[in-house]
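Q: can you look at this prediction? I've put the sequence above it.
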Amino acid sequence: MDLAYIPSPSTGVINLGPIPLRGYAFCIIIGVFVAVWLGNKRWIARGGTAGTVADIAVWAVPFGLVGGRLYHVITDYQLYFSEGENWVDAFKIWEGGLGIWGAIALGAVGAWIGCRRRGIPLPAYADAIAPGIALAQAIGRWGNWFNQELYGKPTDLPWGLKISAGANRVEGVYHPTFLYESLWCVGVALLVIWADRRFKLGHGRAFALYVAAYCAGRGWIEYMRVDEAHHILGLRLNVWTAIIVFLLAVTYIVISAKVRPGREEIVEPKKANGSDEKPAEGAESDADGEAVEDAVPSDKVSVVKDEKDEHEAEVEDAAKAEAGAKDKDGAGNGAGAGGR
């Protein structure tokens, strides 16, 4: 008899009249908000402007959701396209089923589009958002708790997860692999934040560290799970994926550190080009003059200039004539004085 365990919720949906509120969806939404909030703080600290992370997330999040769902449906196609299954269920994302590998891959495409539109380097944005993504995963994993899914092997440990009988479920107490991964992701976020401050990671290396650290944990956690999965050479598909992605991330960190050491000095060109300093008086007056000339049509400007030149010539001629008259008077006076 199990004296201590983690209970599972009796339902993952709360109905407010005709509106169903699903715990899985709430966890995903809260995770996105946390990722954007933390990413915004880190982006500002690196010299970016407030709101940029959210603007790019408008592209990254939808792409990520589509990518995560596609990866899940492709790798678990038998759940939707086998005999007796309903393929329409492949679109029911609220029932669970998002593959992090597809979410990150296609989410990166969306982030690239957003960064390109803002003139921002994608690696710098990825570095800023990396620990936020890890925290979003930590929160999102609790959606699996609401759905009573993605648990591990049976256990008698006091923190075992109580699973009730249901479709494709056998009642019992199992390893709470969702909790293991959630706690691991929190640790990954803290690791990335610490390493970024300590070593000034740049050019995508903070993001690569997040990827490598997550894969290191996902490998052993995935090995504990008992849900249906494809196997290659005796290992679950996601274990192989974690190994390959881990090696790619570590390789990127090593090569990037040699090719592009240090961190980006400018992460958002628009802010770097903009300045709050007032121009000098001379520059300001020149700018005002140019602005006035730009505001007046060119033909009118030429007429005004011609009239100004003629007026100056008349003034100059009058001054010369007056000076000549004075010279004559002076010469006459001088001649009279010599005769006396």
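A: Nice, thanks for sending it over.
Q: return the set of buried residues in the host helix or strand of residue 41.
A: Per DSSP states H and E: residue 41 is located in helix 23-45. By neighbour count on 16 or more other Cβ atoms under 10 Å, the buried set for helix 23-45 is 23-28, 30-32, 34-36, 38-40, 42-44. Where C-beta positions appear, they are placed from N, C-alpha and C, glycine not excepted.
Q: same question for stretch 237-251.
A: Applying 16+ other Cβ under 10 Å to stretch 237-251 flags 238-242, 245-246, 249-250 as buried.
Q: now these in TSV, with pLDDT?
A: Shown next, in TSV, are these (pLDDT from 0 to 100):
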residue	pLDDT
238	93
239	94
240	95
241	95
242	96
245	97
246	98
249	98
250	98
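Q: my guess is residue 261 is in a helix, correct?
A: No: going by DSSP: H, G, I helix; E, B strand; the rest coil, the assignment for residue 261 is coil, not a helix.
Q: if I look at residue 190, how far off is residue 162?
A: 29 Å (Cβ to Cβ, to the nearest Å).
Q: quick one on the thing from earlier: show residues contacting the helix holding residue 41.
A: 9, 12-14, 49-54, 57, 61, 94-96, 98, 125, 127-129, 131-133, 135-147, 267 (Cβ atoms under 8 Å, 6 or more residues apart in numbering).
Q: dump that helix to PDB, keeping only the CA atoms.
A: This file holds the C-alpha atoms of helix 23-45, laid out as PDB (Å, rounded to 0.1, in the frame of the first residue of the first chain):
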ATOM      1  CA  GLY A  23      -5.200  23.200 -17.500                       C
ATOM      2  CA  TYR A  24      -2.800  22.100 -20.300                       C
ATOM      3  CA  ALA A  25      -3.500  25.300 -22.300                       C
ATOM      4  CA  PHE A  26      -3.200  27.500 -19.200                       C
ATOM      5  CA  CYS A  27       0.300  26.100 -18.500                       C
ATOM      6  CA  ILE A  28       1.400  26.800 -22.100                       C
ATOM      7  CA  ILE A  29       0.000  30.400 -22.000                       C
ATOM      8  CA  ILE A  30       1.600  31.100 -18.600                       C
ATOM      9  CA  GLY A  31       4.900  29.700 -19.900                       C
ATOM     10  CA  VAL A  32       4.900  32.000 -22.900                       C
ATOM     11  CA  PHE A  33       4.200  35.100 -20.800                       C
ATOM     12  CA  VAL A  34       7.100  34.200 -18.400                       C
ATOM     13  CA  ALA A  35       9.500  33.600 -21.300                       C
ATOM     14  CA  VAL A  36       8.600  37.000 -22.900                       C
ATOM     15  CA  TRP A  37       8.800  38.800 -19.600                       C
ATOM     16  CA  LEU A  38      12.300  37.400 -18.700                       C
ATOM     17  CA  GLY A  39      13.500  37.700 -22.300                       C
ATOM     18  CA  ASN A  40      12.500  41.400 -22.300                       C
ATOM     19  CA  LYS A  41      14.400  42.100 -19.100                       C
ATOM     20  CA  ARG A  42      17.500  40.400 -20.500                       C
ATOM     21  CA  TRP A  43      17.200  42.100 -23.900                       C
ATOM     22  CA  ILE A  44      17.000  45.600 -22.200                       C
ATOM     23  CA  ALA A  45      20.000  44.700 -20.100                       C
END
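Q: and whichever helix or strand comes after it, which residues are buried?
A: Counting by DSSP H and E, the next helix or strand C-terminal to helix 23-45 is helix 52-75. Of all the residues in helix 52-75, those buried under the rule 16+ other Cβ under 10 Å are 52-53, 56-57, 59-61, 63-73, 75.
Q: residue 190 and residue 162: which is more packed in?
A: For residue 190 versus residue 162, the count of surrounding residues by other Cβ atoms under 10 Å is larger for residue 162: 17 against 13.
Q: which residues touch residue 169?
A: So residue 169 contacts 148, 163 (Cβ under 8 Å, 6+ apart).
Q: show me the beta-bridge partners of it.
A: residue 166 (DSSP bridges).
Q: that'll do, ta.
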